[in-house]
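Trainee: Quick one: sequence plus predicted model below, questions after.
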Amino acid sequence: MAVFFDDKIYIIELKCNQDANKAIRQMVEKRYADRYKEDEKRIILIGINFDTNKRAVTDWKKQRLDR
């Protein structure tokens, strides 16, 4: 999912019963941000893990992409 603001773009990957680092790695490895790199906005990746047993977000990370 991508969320757009005037000065930045958040790209969000949700995982279930895994970890937020895996979500970030997937976005980087699969180059999710490539389609937005021509835009001058900052790109921020957000990885979120949802634990289905706890029914809650148990881990999240953010990483700003360098141009």
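Mentor: In hand now; what should we look at?
Trainee: C-alpha from now on. contacts and neighbour counts both.
Mentor: Will do.
Trainee: and for the strand or helix carrying Asn21, what are the contacting residues?
Mentor: For Asn21, the host element (DSSP states H and E) is helix 20-29. With CA atoms under 8 Å, 6 or more residues apart in numbering as the test, helix 20-29 has contacts from 13-15, 33, 45-49, 59-63.
Trainee: Taking these together, which two end up most distant?
Mentor: Within these, Ala33 and Asp59 form the most distant pair, 21.6 Å apart (CA to CA).
Trainee: show me where the chain has strands.
Mentor: Applying DSSP state E to the chain gives strands spanning 2-4, 8-16, 42-51, 56-64.
Trainee: about what we covered before: just the buried residues of the contacts of helix 20-29.
Mentor: Glu13, Leu14, Lys15, Ala33, Leu45, Ile46, Gly47, Ile48, Asn49, Asp59, Trp60, Lys62 (16 or more other CA atoms under 10 Å).
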